[in-house]
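S.K.: Here is the input, now give the coordinates:
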Amino acid sequence: METKRIEDKEDVNKIKVKRPDLIIRTNYKLWEYLFKDQQKKAKKLTKAEAYYDLIKKQREALLIQDENYLMASCSDIMEQWGWSRQNVNIFLEDLERIGAITLERNTRLIKFSISNAKIE
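M.R.: Residues are numbered from 1 along each chain as shown. Next up is the predicted model:
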């Protein structure tokens with residue numbers, strides 16, 4: 001496999017993607033390590049922090065509740081992440097579009113699961 005040096009963002013867009021559906025498995029302990037020093041203050045979460053929050057919730061659902069899906073209200077997510085309703089909806093829809101989560105909505109609750117989430 002040939003390794004290409006990427007000089008800037010434009011180079012990334014020029015590279016032909018051979019496997020757009022590539023899945024990279026990570027270890028939950030890695031995510032805990034990466035975010036362990038984040039202070040618990042009222043602030044707006046980054047997208048990475050918000051996705052990590054979804055991973056933690058999914059893990060709890062699998063371990064404690066033995067459920068594949070998580071349920072939350074948009075209001076609860078807005079409050080936890082410090083985001084607007086529109087930003088929460090756009091983020092979740094973007095994650096669904098790229099195949100990171102499965103998303104279902106009803107009048108008050110959002111039901112979602114992280115794609116390929118399982119306990120090993």
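S.K.: Any chance of the backbone angles for residue 35?
M.R.: Residue 35 has phi and psi values of phi -110, psi 10 when expressed as degrees, to the nearest 10.
S.K.: That one is in contact with residue 50, isn't it?
M.R.: No. Assessed by CB atoms under 8 Å, residue 35 is found out of contact with residue 50, at 11.3 Å. Backbone N, C-alpha and C define where each C-beta goes, glycine included.
S.K.: Which one of those two is surrounded by more residues?
M.R.: Of the pair residue 35 and residue 50, residue 50 is the one with more neighbours under other CB atoms under 10 Å, namely 21 against 14.
S.K.: Run through the residues that contact the more buried one.
M.R.: Residues near residue 50 by CB atoms under 8 Å, 6 or more residues apart in numbering: 81, 83, 91.
S.K.: Adding distance to residue 64, pLDDT and secondary structure as columns, could you present these in CSV?
M.R.: What follows is the contacts of residue 50, written out as CSV (distance: CB to CB, whole Å; pLDDT from 0 to 100; DSSP: H, G, I helix; E, B strand; the rest coil):
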residue, distance to residue 64, pLDDT, secondary structure
81, 22, 93, helix
83, 26, 94, coil
91, 25, 92, helix
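S.K.: Looking at those residues, spot the one nearest residue 104.
M.R.: Minimum distance to residue 104 across the contacts of residue 50 is 16.0 Å, recorded for residue 91 (CB to CB).
S.K.: Pretty sure residue 47 is one of the things the closest one touches, is it not?
M.R.: Yes. Using CB under 8 Å, residue 91 is in contact with residue 47, at 6.5 Å.
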